[in-house]
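# The sequence isn't on hand, but the structure is:
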């Protein structure tokens with residue numbers, strides 16, 4: 001079984017129209033390179049915020065999904081959104097190649113300080129149970145940023161090892177949408193980057209699954225907080241983008257081989 005995955009390391013801002021254009025550039029790249037599914041970063045349509053214009057967001061989501069549908073491209077689309085229950089979720093929304101909505105993963109390890117009660121995004125977004133999605137016959141999971149690495153500086157929630165749980169639920173691929181903080185300091189560039197990178201590799205190996213991951217590239221003058229690319233079930237990078245700027249990639253996963261180490265990567269700036 002083969003799954004061609006694409007990813008967009010793109011600038012994510014609170015300008016929904018600019019975000020839509022950036023996602024549609026990635027859709028065009030993915031379609032040109034015959035990808036089956038495209039991953040975008042955390043909050044890539046709404047911005048990483050619970051304060052957004054609902055009508056503008058719905059218009060942008062509709063346009064993106066329709067563009068992808070016309071290209072036969074499935075989506076793992078990062079955005080925040082208010083659902084019918086009135087709650088706001090930090091979501092990774094899955095659509096199949098026909099544009100049908102498969103459901104969403106809501107960020108579980110939401111960020112907050114260590115006070116009691118905690119303050120931060122944990123008060124702005126609701127959580128939902130972990131689940132899987134089937135894309136082109138492949139069982140996939142979604143995780144959002146801290147869901148993967150459970151940075152103890154960033155969340156008061158205990159680490160439930162969500163990547164391991166997805167592996168136990170039968171997932172072969174995890175789509176991981178990231179929008180990590182960065183300030184250009186040595187701590188940010190080295191310590192935080194290395195923590196994120198090592199967690200991606202170790203958790204892919206521990207779960208025996210592929211991880212496809214994309215970070216936001218905003219602000220543009222700083223390197224990302226984490227690598228974007230594809231990690232193999234053996235914990236090796238199959239493809240890793242440059243650490244700064246807007247980058248698109250596509251990679252062919254051969255899922256009948258548990259550690260598909262060489263499979264025609266393609267990256268464009």
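In hand now; what should we look at? These numbers come from a predicted model, not from an experiment.
# Which residue ranges of the stretch 51-200 of the chain form strands?
74-82, 88-95, 101-106, 132-135, 138-144, 173-177 (DSSP state E, counting those that start in this stretch).
# relative to strand 74-82, how tilted is the helix or strand containing residue 23?
Taking DSSP states H and E as the criterion, residue 23 maps to helix 16-32. Here helix 16-32 runs at an angle of 170 degrees relative to strand 74-82 (axes from the mean of the first three to the mean of the last three CA atoms, to 10 degrees).
# What's the first helix or strand after helix 16-32?
strand 37-39.
# mind listing what that next one pairs with, with the direction of each?
Sheet partners assigned to strand 37-39 using DSSP bridges are listed as strand 2-9 (parallel), strand 74-82 (parallel).
# So for residue 175, which of those sits nearest?
Within the strands paired with strand 37-39, the stretch nearest residue 175 is strand 74-82; the backing value is 4.0 Å (CB to CB). C-betas here are computed from N, CA, C, even on glycine.
# follow-up on the earlier one: now the helix holding residue 23: average pLDDT?
What helix 16-32 shows for mean pLDDT is 98.
# do the same with stretch 150-161
On average, stretch 150-161 scores 90.
# now the end-to-end length of that stretch.
For stretch 150-161, the separation between the terminal residues is 8 Å (CA to CA, to the nearest Å).
# now swap in stretch 87-105 and tell me
Terminal-residue distance, stretch 87-105 (CA to CA): 14 Å.
# How far does it sit from its chain's centre?
Its chain's average C-alpha position is 12 Å from that of stretch 87-105, according to CA atoms, centre = their mean, to the nearest Å.
# do the same with stretch 126-143
12 Å.
# And it, what's buried?
Judged by neighbour count (16 or more other CB atoms under 10 Å), stretch 126-143 contains these buried residues: 126, 128, 130-133, 135, 138-143.
# now swap in stretch 87-103 and tell me
Buried residues in stretch 87-103, counted by 16+ other CB under 10 Å: 88, 89, 90, 91, 92, 93, 94, 95, 96, 97, 99, 102.
# contacting residues for the nearest residue to residue 235 once chain neighbours are set aside?
Distance criterion CB to CB, 6 or more residues apart in numbering; nearest residue to residue 235, sequence neighbours excluded, is residue 205 at 3.3 Å. Applying CB atoms under 8 Å, 6 or more residues apart in numbering, we find residue 205 in contact with 233, 234, 235.
# Surely residue 205 is in a strand?
No: per DSSP: H, G, I helix; E, B strand; the rest coil, residue 205 lies outside any strand segment and is helix.
# Relative to residue 1, how far out is it?
21 Å (CB to CB, to the nearest Å).
# Residue 134 now?
On the measure of CB to CB, residue 134 and residue 1 end up 12 Å apart.
# where does the stretch 151-269 of the chain dip in pLDDT?
257-269 (pLDDT under 70).
# try it again with 50
257-265, 269 (pLDDT under 50).
# Make sure residue 31 is actually in contact with residue 69.
No: counting by CB atoms under 8 Å, residue 69 is not a contact partner of residue 31; they are 10.9 Å apart.
# now the helices: where do they sit in this structure?
Under the criterion DSSP state H, the chain carries helices at the ranges 16-32, 54-70, 146-149, 162-168, 186, 193-207.
# which of those helices is buried the deepest?
Mean neighbour count (mean count of other CB atoms under 10 Å) peaks for helix 146-149 among these, with a mean of 26.
# tell me what it is packed against?
helix 162-168, strand 173-177, helix 193-207 (3 or more CB pairs under 8 Å, 6 or more residues apart in numbering; DSSP states H and E).
# For residue 46, which of the ones you listed is the nearest?
Among the helices and strands packed on helix 146-149, strand 173-177 sits nearest to residue 46 (CB to CB), with 12.2 Å.
# on that earlier part again, what's the farthest-apart pair in the buried residues of stretch 87-103?
Top of the distance list for the buried residues of stretch 87-103 (CB to CB): 88 and 97, 28.1 Å.
# looking at this structure, which residue ends up farthest from its center?
The outermost residue of the chain, judged against the average C-alpha position, is residue 116 (29.3 Å), by CA atoms, centre = their mean.
# Can you report phi and psi for that residue?
Residue 116 adopts backbone torsions of phi -130, psi 110, taken as degrees, to the nearest 10.
# I'd like the distance between it and residue 123.
Per CB to CB, residue 116 is found 13 Å from residue 123.
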